[in-house]
Structure formats: structure tokens, C-alpha cells
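**Student:** next input, structure requested:
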Amino acid sequence: IAQWKKAGYHNDPQYESLRSLLQGPVDDAGEILQVRFPMPRYIETEHGGSQARFLLSKVNPSQTHNNMFAWGQDATGAPVLTDDVS
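**Tutor:** Model (predicted):
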């Protein structure tokens with residue numbers, strides 16, 4: 001989907017369904033952000049991008065792109081992301 005977005009398919013009238021697929025979560029997030037206090041930061045990113053690494057370091061600072069499987073975890077398990085309240 002990220003490649004389709006980079007190629008600009010979401011701007012083509014022929015691919016209106018892709019535009020609505022991409023816009024739906026953004027609209028939902030906007031509605032949620034309006035009722036949250038304090039208002040959280042909204043970050044739109046793609047897998048492996050610089051903003052994804054930033055977001056991962058904020059959500060779980062002990063687990064970053066450099067040490068995804070730290071603290072004796074095996075490489076077959078999925079990381080569990082937690083909120084950091086600091």
C-alpha cells in the first residue's frame with residue numbers, strides 16, 4: 001500500500017476506493033484526537049521509516065530498531081509494545 005501511495009494511485013479517480021481506504025483511518029484518528037485530553041501527537045508513518053523509528057522509541061524506549069530482541073527474547077517472538085508514562 002505504501003508503494004501505491006508513493007506512486008500516486010490514491011490521487012487517480014480510477015482508484016477512488018484506495019483513496020477512501022487510506023483516508024478512513026485518518027478520519028477516525030482525527031475524531032479520536034478531538035475528544036482526548038491532553039491531545040496526543042498524531043504521527044503518520046510507514047513501516048521502517050524514520051517516523052516509525054521515532055514512534056517506536058517513544059512508545060517503548062527500551063526496544064528500538066537497533067535492539068528489537070533485547071533482554072533474552074528469541075527472534076521468533078513478536079515484540080510487545082507498551083506505553084511509557086515518563
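**Student:** now do the contacts for Glu44.
**Tutor:** Contacts for Glu44 were tallied using Cβ atoms under 8 Å, 6 or more residues apart in numbering; they are Val26, Gln51. Heads up, the C-betas are built off the backbone N, CA and C, glycines and all.
**Student:** tell me the secondary structure for it?
**Tutor:** Put simply, Glu44 is coil when judged by DSSP: H, G, I helix; E, B strand; the rest coil.
**Student:** mind showing which ranges of the protein have poor pLDDT?
**Tutor:** Residue ranges of the chain with pLDDT under 70: 60-86.
**Student:** ranges for the helices of it?
**Tutor:** Ranges of helices within the chain are 2-7, 16-35, 50-59, based on DSSP state H.
**Student:** pick the most buried one from those.
**Tutor:** helix 50-59 (a mean of 13; mean count of other Cβ atoms under 10 Å).
**Student:** and the gap between the nearest residue to Met39 once chain neighbours are set aside and Asp12?
**Tutor:** Counting by Cβ to Cβ, 6 or more residues apart in numbering, Met39 lies nearest to Leu33, which is 5.9 Å off, once chain neighbours are set aside. Leu33 is 29 Å from Asp12, where distance means Cβ to Cβ, to the nearest Å.
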